[in-house]
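Asker: I'd like to go over a predicted model; first the sequence, then the structure.
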Amino acid sequence: MTALGFYKPGPQSEPPAFEAVEMERPAATGKDLLVEVRAVSVNPTDYKTRDTKDPDDDSLTIVGRDVAGVVVETGEDCSLFQVGDEVFYAGTNVRAGGHSEFHLVDERIVGKKPKSLDFAHAAALPLTSLTAMEALFVRLGISRSPEDNAGKNILIIGAAGGVGSVATQLAKLIGLTVIGTASRSETIEWAKDHGADYTINHHEPLKPQLEELGIEGAHYIFCLTNVDDHMKGMADVILPQGKICSILPTFQPLAPALFGKSVTFVYELMYTRSMFQTEDMIDQHHLLNELADWVDTGKIRSTMNEQLAPINPTTLKEAYEKLMTGRTIGKIVLEGPVEK
């Protein structure tokens, strides 16, 4: 089979130097599915994997976490899927990624592909959706019931990116008032189109902007960008006993004001369950199936905003160059076949 990977880290200012490599097609064993890859989307975590690679490590690294495809083989312990099933998933950061013709993945972190979406639109969703769903429903403990969330709001910092585009839709679906941050006309339009009731500029102080909207503060904050840059602003606007979730690590101390407000501060990393093989790892299977149902009933839509084809070193380079600008809106998807 053809796989697309890189051997050397290369300059961090440039995309990974992808090469097409011929490899033996793997076999599915245990709880693994072998999936024929039909489409992939790109995420910052993919090139950040390159950034952490040892300069002396010349082994082949295959990234690519978001995949949509067809099951072609199942391991002997599989019970959730069968050959021919159309699936989508985000994979894990401790195994080879999906930039290849065929890909092995544990069935417990795989979901049924939404029937209403083609493979490209489906591939845009898994990683960002799992991140948003785990953040809202698990880390922040927000109810799925609109009745429970009446009168409550959430501030989403970075509302037009991949995760933000899903989080705004989810938050709106469960009855929260959604305040999204965006700073360009096109990102403001995108955020509002995906569920934001209000938008404010994250490059300016947050509190005065909320006050102008007549909003006292935020019950929940979901921070999708450099959390240290927004620590003071979040501490200013979070309500007493509010909750904050970040998808990036903090490198500076938490703001002391969070203590006085008894604020809950939590992290969300979508890979935690698969990386540590937690007992609730199968919850990602259930979350993806729930997402597929929401998509098929028109409650959530794909966040694909650009599509490239086929999947080869040239299109991957183009996709990662755009992603690394930090100015992409929604998701970039590459549709198969996988080629040299």
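Answerer: Now that the structure is in, tell me what you want to look at.

Asker: Please, which helix or strand holds the residue nearest to K152 when sequence neighbours are not counted?
Answerer: Leaving aside its chain neighbours, K152 sits nearest to H219 (4.5 Å; criterion: C-beta to C-beta, 6 or more residues apart in numbering). (Glycine included, C-beta is placed from N, CA and C.) Element membership of H219 [criterion: DSSP states H and E] is strand 218-223.

Asker: Then L258?
Answerer: With DSSP H and E as the test, L258 turns up in helix 257-260.

Asker: outside of that helix, which residues touch it?
Answerer: Applying C-beta atoms under 8 Å, 6 or more residues apart in numbering, the set of residues contacting helix 257-260 from outside is 235-236, 238, 244, 265.

Asker: Same question for stretch 47-66.
Answerer: Contacts to stretch 47-66, defined as C-beta under 8 Å, 6+ apart, come from residues 3-10, 12, 15-16, 21, 40-43, 45-46, 88-93, 96-100, 123-127, 320, 323-324, 331.

Asker: That one spans what distance, first to last residue?
Answerer: In stretch 47-66, first residue to last residue: 13 Å (C-alpha to C-alpha, to the nearest Å).

Asker: Pop the domain breakdown of this protein in here.
Answerer: Using the TED database, the domain parsing of the chain gives 2-126+281-335, 140-267.

Asker: Compare those domains and give me the one nearest R273.
Answerer: domain 2-126+281-335 (4.4 Å; C-beta to C-beta).

Asker: what is the mean pLDDT for that closest one?
Answerer: Taken as a whole, domain 2-126+281-335 carries a mean pLDDT of 94.

Asker: which secondary structure element contains the residue nearest to I200 when sequence neighbours are not counted?
Answerer: Distances taken as C-beta to C-beta, 6+ apart put Q209 closest to I200, at 4.0 Å, once the chain neighbours are dropped. Using DSSP H and E, the element containing Q209 is helix 206-212.

Asker: can you list contacts of that helix?
Answerer: 155, 179, 181, 200-201, 216-218, 230, 233-234, 236-237.

Asker: What's the ChimeraX line that selects buried ones from these?
Answerer: Restricted to buried positions by 16 or more other C-beta atoms under 10 Å, the ChimeraX selection for those reads:
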select :155,179,181,200,217,218,230,233,234,236,237
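
Asker: R38 belongs to a helix, doesn't it?
Answerer: No: assigned with DSSP: H, G, I helix; E, B strand; the rest coil, R38 falls outside any helix and is strand.

Asker: any idea how far E335 is from it?
Answerer: As judged by C-beta to C-beta, to the nearest Å, R38 and E335 stand 7 Å apart.

Asker: In the stretch 201-340 of the chain, mark out all the helices, start to finish.
Answerer: Taking DSSP state H, counting those that start in this stretch as the test, the helices found in the stretch 201-340 of the chain are 206-212, 231-237, 257-260, 272-275, 283-296, 313-323.
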